[in-house]
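[1] The following comprises the amino acid sequence and a computationally predicted model.
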Amino acid sequence: MTTTLYTSDHEWLAIDGDTATVGITDYAQQQLGDVVFVELPKIGRSLKKAEAAAVVESVKAASDVYAPISGDVIETNEALAAEPALVNSDAQGAAWFFKIKIADKSELGGLMDEAAYKAHTA
Amino acid sequence: MLAHNQDSLKRTPLYSLHVSLGGKMVPFAGYDMPVQYPAGVLKEHLHARAAAGLFDVSHMGQIALRPKSGKLADAARALERLVPQDIVAIAEGRQRYAQFTNADGGILDDLMVANFGDHLFLVVNAACKDADEAHLRANLSGECIIEQLADRALIALQGPKAEAVLGKLCAEAPAMKFMDAGPHEIAGIKCFVSRSGYTGEDGFEISVPAGDAERLARMLLDNPDVLPIGLGARDSLRLEAGLCLYGHDIDTATTPVEAALEWSVQKSRRSGGARAGGFPGAETILAHFDGGASRRRVGLRAEGRAPVREGALLFADSAGGEPIGKVTSGGFGPSLSAPVAMGYVPTNLSALGTKLFAEVRGQRLAVQVAAMPFVKNTYKR
């Protein structure tokens, strides 16, 4: 059973046990426009909540993707290196960025559910 | 504060057209301008290279310089006091790229100068246009009547289909050659048309009375080969074409020689020429021509896929050492599907193929000095 949560910076997290899969929201990809490059964190990197974890670049600009919660990076989506445009076509599915092992479940409390995120972007 | 700034933004005569086309409006040089339309920067860029794109560049300044004597050569000679170009030699119906220089040899603005027979027609950058007008008034009022043509819009039509598109509305357009410029009627509207642009593609720039601008733009957009193009793709197109953006790649601290714009300074204004010097900063600029400048604007191609953007520091080595230069424009080139950039490096590191490193997010990425334009231009000479 996975639960999807959101940040005010437009990242999504799918929580499955003590693993979180992280990406950027469909709203975020629409704002960015055509994605041409994605830089992912190294596997094993220990991320602190709110630190810059990845970079997503459109033709026009580079934007940071922040770690929504703390944890170690256990997997990254190599498909994005070859096909950055996946972020535009399937932001909340195939274009996930990285998976982390959740360090502190209490950090999930500060995140939004889908209804709250919808209100945030309305 | 934000609301106030947006209220004070100026609008071009095509503002309501942009909004009706779904343009995403952003502040640029004091104007509310479309950065992109629903197609997006990437598709707009590729469409301008494959078919034709329509750009609103009405924010740019259009200035008429009329000789008080009635003799155009008097206005041309007067303007030569402010630019290192040969203005006297511009034939009627022709246009030339120029720069206003300052006393240090730096560039105050870059511009186009056209000979329209009884007057010179100047197109200058939006952010500089009021300063340029004041500069012209302060220096040329003895010989010239200076008029900023605020009641005109400026539309660029660029791309391989531009000739066919404009040819349907203006029978004379297809016969024009690169940098031809003059008055032409387009669908009965009295315009000034030049065969030039800022994309590296063949195309036209059309000065049109403000009241007719939207009608003309809609007629051009009615052609299925034409898409509206925003400022985002305008920037990536000019970057691939190796063209300078004022305030980024050239400014008051760069001379035309450092900026690799020697081609734009005719022999008549260089040392030994018929009218050598006589423009602001001539001593410095001619010294750069004669003895070389210590740095130079070059093109840069990255080895990886990460875009190297404006402000990135350049290094000679993969670790250590002081920065040797800086990127002044950079991003992703949609036509090349690869990063492209330009920047300033010491002249001894400016040869094609020189391997350098650009610092991006704390990492030094391998880049190479590369020939510009990055994408071959297709001007009709």
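    Structure's in. What do you need?
[2] residues contacting the closest residue to B:D290 other than its chain neighbours?
    In space, and not counting its chain neighbours, B:D290 is closest to B:S271: 5.6 Å by Cβ to Cβ, 6 or more residues apart in numbering or on different chains. Any C-beta I mention is one placed from the backbone N, CA and C, and that applies to glycine too. Residues in contact with B:S271, defined by Cβ atoms under 8 Å, 6 or more residues apart in numbering or on different chains, are B:G277, B:L286, B:F289, B:D290.
[3] which one of those residues has the most neighbours?
    In terms of neighbours by other Cβ atoms under 10 Å in any protein chain shown, the contacts of B:S271 top out with B:L286 at 22 neighbours.
[4] So it sits against B:G278, correct?
    No: taking contacts as Cβ atoms under 8 Å, B:L286 lies outside contact range of B:G278: 10.4 Å.
[5] Quickly find the element holding the closest residue to chain A within chain B.
    Nearest residue of chain B to chain A (Cβ to the nearest Cβ) works out as B:L42 at 3.8 Å. Following DSSP states H and E, one finds B:L42 within helix B:41-50.
[6] which parts of that helix are buried?
    B:V41, B:L42, B:K43, B:E44, B:H45, B:L46, B:H47, B:A48, B:R49 (16 or more other Cβ atoms under 10 Å in any protein chain shown).
[7] Run a quick neighbour tally on the nearest residue to B:P183 once chain neighbours are set aside.
    Closest residue to B:P183 apart from its sequence neighbours, by Cβ to Cβ, 6+ apart: B:F192 at 5.7 Å. When neighbours are counted by other Cβ under 10 Å, B:F192 registers 21.
[8] quick one, what contacts B:F192?
    Per Cβ under 8 Å, 6+ apart, neighbours of B:F192: B:A114, B:F116, B:F121, B:A181, B:G182, B:P183, B:H184, B:I206, B:S207.
[9] does the second one really touch B:H184, like I thought?
    No: no contact is recorded between B:F116 and B:H184 when judged using Cβ under 8 Å, the distance being 11.5 Å.
[10] which residues sit in contact with A:T19?
    Here A:T19 is in contact with A:I74, A:K99, A:I100, A:K101, A:I102 (criterion: Cβ under 8 Å, 6+ apart).
[11] any idea how far it lies from A:T3?
    According to Cβ to Cβ, to the nearest Å, A:T19 and A:T3 sit 12 Å apart.
[12] cool, B:P160 as well?
    For B:P160, the distance to A:T3 equals 52 Å [Cβ to Cβ].
[13] got it, and B:F116?
    From B:F116 to A:T3 the distance is 69 Å (Cβ to Cβ).
[14] if we can go back for a sec, using CSV, write down the CA coordinates of the helix holding B:L42.
    Taking C-alpha atoms only, helix B:41-50 is exported to CSV below (Å, rounded to 0.1, in the frame of the first residue of the first chain):
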residue,chain,number,x,y,z
VAL,B,41,10.4,26.9,-26.2
LEU,B,42,11.7,23.6,-27.7
LYS,B,43,9.0,23.3,-30.4
GLU,B,44,9.0,27.0,-31.1
HIS,B,45,12.8,26.9,-31.7
LEU,B,46,12.6,23.9,-34.0
HIS,B,47,9.7,25.3,-35.9
ALA,B,48,11.6,28.5,-36.6
ARG,B,49,14.4,26.4,-38.1
ALA,B,50,12.1,24.1,-40.1
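[15] hmm, back to that, between B:F116 and A:T3, which has more neighbouring residues?
    Shown here are B:F116 and A:T3; by other Cβ under 10 Å, B:F116 has more neighbours (18 against 13).
[16] bridging residues for the nearest residue to the more buried one once chain neighbours are set aside?
    Once flanking residues are discounted, B:F116 sits nearest to B:G182: 6.5 Å by Cβ to Cβ, 6+ apart. Beta-bridge pairing of B:G182, defined through DSSP bridges, involves B:V193.
[17] residues near B:G182, how many?
    The burial count for B:G182: 19, using other Cβ under 10 Å.
[18] Check whether it really touches B:D118, as I assumed.
    No: counting by Cβ under 8 Å, B:G182 sits too far from B:D118 to count as a contact (11.7 Å).
[19] Now the residue of chain A found nearest chain B: phi and psi?
    Using Cβ to the nearest Cβ, the closest approach of chain A to chain B is made by A:D34 at 3.8 Å. Backbone geometry at A:D34, expressed as degrees, to the nearest 10, gives phi -60, psi 120.
[20] Now do the contacts for the closest residue to it other than its chain neighbours.
    Spatial nearest neighbour of A:D34, excluding adjacent residues (Cβ to Cβ, 6+ apart): B:L42 at 3.8 Å. Residues in contact with B:L42 (Cβ under 8 Å, 6+ apart) are A:G33, A:D34, A:V36, A:V59, B:A233, B:P334.
[21] With adjacent residues omitted, what lies nearest to the fourth one?
    With sequence-adjacent residues excluded and distances taken as Cβ to Cβ, 6+ apart, A:V59 is closest to B:V41, at 4.4 Å.
[22] Then the third one?
    Nearest-residue entry for A:V36: B:F332, 4.2 Å, with adjacent residues in sequence omitted and distances by Cβ to Cβ, 6+ apart.
[23] Isn't B:K267 up against B:A276?
    No: the criterion here is Cβ under 8 Å, and B:K267 misses it with B:A276 at 9.1 Å.
[24] neighbour-wise, which of those two wins?
    Comparing B:K267 with B:A276 by other Cβ under 10 Å, the one with more neighbours is B:A276, at 16 against 11.
[25] So A:A95: helix, strand or coil?
    coil (DSSP: H, G, I helix; E, B strand; the rest coil).
[26] That one against A:L86, yeah?
    Yes: A:A95 lies in contact with A:L86 (Cβ under 8 Å); the separation is 4.2 Å.
[27] Just give me the neighbour total for the nearest residue to B:R381 once chain neighbours are set aside.
    What sits nearest to B:R381 in space, not counting adjacent residues and going by Cβ to Cβ, 6+ apart, is B:F178, at 4.9 Å. A count of neighbours around B:F178, defined by other Cβ under 10 Å, yields 16.
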